[in-house]
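# show me the folded form of this:
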Amino acid sequence: MAKKVWVSLPLITAADVKDEAVVSFLNPVQMSLVRALCLFREAAPMHGVIEVATGERVRQEADLPVFEQEMKNLVALGLIEQNGRYDGSTGYCLHPLFATYLFGHYLDSEQRRSSSYQASSLGVADQAAPLHLNQEARRVAIAAGHIRLAEYYKNVAQQVCPAPRQYTNPNDVTPLLTMLEHLSLGWHWQDAYDQLCALELDEALLRWEMWHTLIRLYEMLLPPSGSLKRRDEGLVCSALGILYGRLGDFEQCRTYFTSALAIQRDMGDQQSEALTLTNQGEFLRTLGDLEQARQNFAQAYSLIQPQTNPELAYVLTHNMALLAQQQGNFRQSLRSFLQALQMVRQSQDKGREGMILTNIGLLLCEQQRYQEGLSLLFPALQMRNAIHDSGTETLVAFLSKLEQRMGNETFAHLRQAAQTSGQQEQVLQTLATSS
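Next up is the predicted model:
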């Protein structure tokens, strides 16, 4: 009997990982594991790697040791690194050089095993598949892999993420954001945008001022990398105009607003056009271009019907109040603020009601009508604290400075008078009559 010879695999070093011979050492299970890992952006847990590699969750515990053993073998070879995860579990990631190589040769192992050549009826090999067909097949396979990752992160999110109205910090939505990223990389751009809106992630990112994150998500959805319904493309361009304006990138801001208006006017979408004109007008107002801002607001108002679009009607009215205040027209500003207040009270939006009461109170204090102003600012502060409005910090700072300027005794006297029962509504009624 011939003597059995055992052959051990060599430890693969960084210098070796670019060689295509590396993958020839890997069996099909190992190849599926490393191919899945090259798409992850984090150290992935074992069950996640298996789910992406196989397209389904491991249903039989008997299957798990097979994957675990092959993962240990890959770690021993130096192709995979083990890292601790935020939840205390073990995570796995590819050696960076191997990940880069594998991503660029995503289907090479399949093509070598099955060969790019097809046997003819005469047993003679046909021509190799054209390069562009191989590249397209690789792109399709990678996109399909990203969809598997999106499904995995969707399952994770269902287990750990709170409901949309209960988000408290960015950690609450990390799996959801990762899901959207992989949906976009998997060419499901419309689905990513629809879920971004349905899950209210755009509003949460704005609230947390995570503007760069939101910009990255939006720009993945737009041509040339993405594709959306024409109306949604216009809305995303409009939103990007706002975000770049907040970042002070005025060139990008103007570019996206211009693109949004071109799309919306081409479609005859007047409601979306009015929204973009409003957003652009607010940007111009903050820049100090008050006349152009006024023209934008006026044009936007002419395109909407307040009864059918009360949300935009409120925003326009509120912004016009700020514009009038900036122009020194306090009577017109107060009139517009009161009109906006009436609108939000009809919709029972406490967050916006608190913000408008704040703005009216600040306007009155600007005119040195302190008792009336404080009669609105203290209830506004209480209202905004109740909903954990981050803007309360600015209001608290203003009240603190006002107290320092007035002196503790004078301020305490005004505060006591301002917090008398029914004082807020009495002040509002007087303002409505006089305006």
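# could you list the domains of the chain?
With automatic domain parsing as the criterion, the domains of the chain are listed as 14-112, 308-435.
# could I get the ones you listed as a markdown table with mean neighbour count and mean pLDDT?
For glycine as for every other residue, the C-beta is placed from the backbone atoms N, C-alpha and C. Below are these laid out as a markdown table (neighbours: other CB atoms under 10 Å; pLDDT from 0 to 100):
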| stretch | mean neighbour count | mean pLDDT |
| --- | --- | --- |
| domain 14-112 | 16 | 80 |
| domain 308-435 | 17 | 91 |
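# quick one, which of those is nearest to Thr278?
Closest to Thr278 of those, according to CB to CB: domain 308-435, at 5.5 Å.
# in this structure, mark out all the strands, start to finish.
For the chain, the strands defined by DSSP state E occupy 80-84, 90-94.
# please compute how far stretch 181-189 lies from its chain's middle.
Distance of stretch 181-189 from its chain centroid, counting by CA atoms, centre = their mean, to the nearest Å, is 14 Å.
# quick one: contacts of that stretch?
For stretch 181-189, contacts defined as CB atoms under 8 Å, 6 or more residues apart in numbering pick out 39, 41, 142-147, 149-150, 153, 191-192, 195, 217, 220-221, 225-228.
# residues contacting Leu235?
Contacts of Leu235 (CB under 8 Å, 6+ apart): 260, 272, 275.
# now the first one: how far from Val236?
What it means is Ala260. From Ala260 across to Val236, the span is 8 Å (CB to CB, to the nearest Å).
# narrow the contacts of Leu235 to those in helices?
260, 272, 275 (DSSP state H).
# mind checking which of the residues you listed are buried?
Buried residues within the ones in helices among the contacts of Leu235, defined by neighbour count using 16 or more other CB atoms under 10 Å: 260, 272, 275.
# got the contact list for Tyr152?
Tyr152 touches 48, 51-52, counting by CB under 8 Å, 6+ apart.
# not counting sequence-adjacent ones, nearest residue to it?
Closest residue in space to Tyr152, ignoring its immediate chain neighbours: Glu51 at 5.1 Å, by CB to CB, 6 or more residues apart in numbering.
# the one you found contacts Arg148, correct?
Yes. Using CB atoms under 8 Å, Glu51 is in contact with Arg148, at 7.5 Å.
# tell me how many other residues surround the closest residue to Arg231 other than its chain neighbours.
Closest residue to Arg231 apart from its sequence neighbours, by CB to CB, 6+ apart: Asp269 at 5.9 Å. Look at Asp269: counted by other CB atoms under 10 Å, it has 18 neighbours.
# quick check, pLDDT for the closest residue to Asn296 other than its chain neighbours.
Nearest non-adjacent residue to Asn296, counting by CB to CB, 6+ apart: Gly281, 3.1 Å away. In the predicted model, Gly281 carries a pLDDT score of 96.
# kindly provide the distance from the residue nearest to Tyr152 to Gln159.
13 Å.
# try Phe257
Distance from Phe257 to Gln159, by CB to CB: 40 Å.
# who has more neighbours, those two?
It is Phe257, of Phe257 and Gln159, that has more neighbours when counted by other CB under 10 Å, with 24 against 7.
# list the contacts for the closest residue to that one other than its chain neighbours?
Nearest residue to Phe257, sequence neighbours excluded (CB to CB, 6+ apart): Gly241, at 3.9 Å. If you count contacts by CB under 8 Å, 6+ apart, Gly241 has them with 253-254, 256-257, 260, 276, 279-280, 283.
# tell me which of those is nearest to His95?
The closest of these to His95 turns out to be Tyr256 (CB to CB; 39.5 Å).
# doesn't Leu247 make contact with the closest one?
No. Here Tyr256 does not reach Leu247: they are 11.8 Å apart, not a contact under CB under 8 Å.
# between the two, who's got more neighbours?
Legend: neighbour count by other CB under 10 Å for Tyr256 and Leu247, higher for Tyr256 (28 against 13).
# can you tell me the closest non-neighbouring residue to the most centrally placed residue in the chain?
The chain has Leu214 as the residue nearest its centroid, 3.8 Å off, counting by CA atoms, centre = their mean. Excluding its sequence neighbours, the residue lying closest to Leu214 (CB to CB, 6+ apart) is Leu205, at 4.4 Å.
# does that neighbour touch His212 like I think?
No. Counting by CB under 8 Å, Leu205 sits too far from His212 to count as a contact (9.5 Å).
# neighbour-wise, which of these two wins?
For Leu205 and His212, the more surrounded residue by other CB under 10 Å is Leu205, and the numbers stand at 22 against 11.
# list the contacts for the more buried one?
By CB under 8 Å, 6+ apart, the contact list for Leu205 reads 211, 213-214.
# 10 Å - rerun?
167, 170, 173, 177, 196, 211-215, 217, 243 (CB atoms under 10 Å, 6 or more residues apart in numbering).
# any of these buried? List them.
By 16+ other CB under 10 Å, the contacts of Leu205 give 167, 173, 177, 196, 214-215, 217, 243 as buried.
# show me these that map onto helices.
Mapping these onto helices (DSSP H) picks out 177, 196, 214-215, 217, 243.
# how about those residues, which pair is most distant?
Leu177 and Leu243 (15.8 Å).
# out of the buried ones among the ones in helices among the contacts of Leu235, the closest to Gly354 would be?
Leu275 (23.4 Å).
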